[in-house]
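1. Mind folding the following:
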Amino acid sequence: DLLSQTRRGLTYPALLCVMVCVAAAVMLTFLVPQMAGFLQSLGQELPWSTRLLLGLSEWVIANGAMALVFLILLALGLRIAVIRSPAFALYCDQKILKLPVLGRLLHQLVLSRLCRFLGLMYQTGIPLLQALEWCQPLLRNRVMAQALDQVHQRVQSGEGLAASFAAEGWFPPLLVRMIRVGETTGALDHMLSQQAIFYDKEVQVRMQTLLQLLEPVLTMLLGLMLLF
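-> Predicted structure coming up:
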């Protein structure tokens, strides 16, 4: 449901991004070169903004194709590096989680997935150590999977579940407190289920807010570009 909602919400912003790129390409490759000769024939000193626009247009015409090919090759190279290098993939996941807005959103999404899967496994009678191990690949984030693996090792060595989660820096205090309550009262599966619902609501609210802000921001960017 969240993925479907996100796709519907991103349809208009994605279309607007395409329009911005097409408008910029058309202006820099067709419109500005036609005006360049007229502006330079005036015999007056051009303002810095006009000189910047003319220089940018010349650069795009001369190097635009090469820059596009470079970006495509760079994206493919990064993709191959992530697949073949676990250390680089771990570094990328760590940086993604530290992004100002998107990182927090993805972090809460992973926490929701962890609480839901761990609660379901514990509820169906799967041993806790086995559930912690099976949840690691389900998180779809290498940093969080590594942190959960550390939790698994601490619990295996005899530490409590809440203390093991608290020892890792990627699990918020609220989740640790709820796990401690569930561990004390014997209702761990119920507490994890409640946390999954809480994080789901947080993700939905943040996603809706971002989508609502994205449309006017892109519209303003398009207007500012045309104004420039």
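
2. Show me where this protein has its helices.
-> 2-26, 32-40, 48-84, 86-97, 102-123, 128-135, 142-156, 161-167, 173-185, 188-227 (DSSP state H).

3. could I get these as CSV with mean pLDDT and mean neighbour count?
-> The way it works is simple: take the backbone N, C-alpha and C, and place the C-beta from them, glycine included. Formatted as CSV, the helices of the chain follow (pLDDT from 0 to 100; neighbours: other CB atoms under 10 Å):
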stretch, mean pLDDT, mean neighbour count
helix 2-26, 80, 13
helix 32-40, 80, 13
helix 48-84, 90, 12
helix 86-97, 92, 14
helix 102-123, 92, 19
helix 128-135, 95, 17
helix 142-156, 95, 19
helix 161-167, 94, 20
helix 173-185, 94, 16
helix 188-227, 87, 15
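
4. Kindly tell me how buried residue 44 is, as a neighbour count.
-> Counted with other CB atoms under 10 Å, residues neighbouring residue 44 total 8.

5. what separates it from residue 54, distance-wise?
-> Distance, residue 44 to residue 54, using CB to CB, to the nearest Å: 14 Å.

6. repeat for residue 66
-> Per CB to CB, residue 66 is found 20 Å from residue 54.

7. Check residue 111 too.
-> Residue 111 is 51 Å from residue 54, by CB to CB.

8. just residue 147 next, same as before
-> 52 Å.

9. now swap in residue 80 and tell me
-> When residue 80 is compared with residue 54 (using CB to CB), they lie 38 Å apart.

10. now do residue 32
-> To residue 54, residue 32 is 7 Å away according to CB to CB.

11. Setting the sequence-adjacent residues aside, check what's closest to the residue nearest the centre of the chain.
-> By CA atoms, centre = their mean, the chain has its centre lying nearest to residue 102, at 4.4 Å. Counting by CB to CB, 6 or more residues apart in numbering, residue 96 is the residue found nearest to residue 102 once chain neighbours are left out, at 7.4 Å.

12. contacting residues for that neighbour?
-> 102-103, 106 (CB atoms under 8 Å, 6 or more residues apart in numbering).

13. need the residues you listed in a markdown table with distance to residue 61, can you?
-> As requested, the contacts of residue 96 are exported to a markdown table (distance: CB to CB, whole Å):
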| residue | distance to residue 61 |
| --- | --- |
| 102 | 34 |
| 103 | 37 |
| 106 | 39 |
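
14. Name the nearest of those residues relative to residue 73.
-> Closest approach to residue 73 among the contacts of residue 96 (CB to CB): residue 102, at 24.6 Å.

15. For the spatially closest residue to residue 145 that is not a sequence neighbour, list the residues it contacts.
-> Leaving out its chain neighbours, the residue that sits closest to residue 145 by CB to CB, 6+ apart is residue 136, at 4.3 Å. Shown in contact with residue 136 (CB under 8 Å, 6+ apart): 145, 148-149, 152.

16. what's the closest residue to residue 152 other than its chain neighbours in contact with, if anything?
-> Counting by CB to CB, 6+ apart, residue 152 lies nearest to residue 132, which is 4.2 Å off, once chain neighbours are set aside. Contact analysis of residue 132 by CB under 8 Å, 6+ apart lists 118, 148, 151-152, 155.
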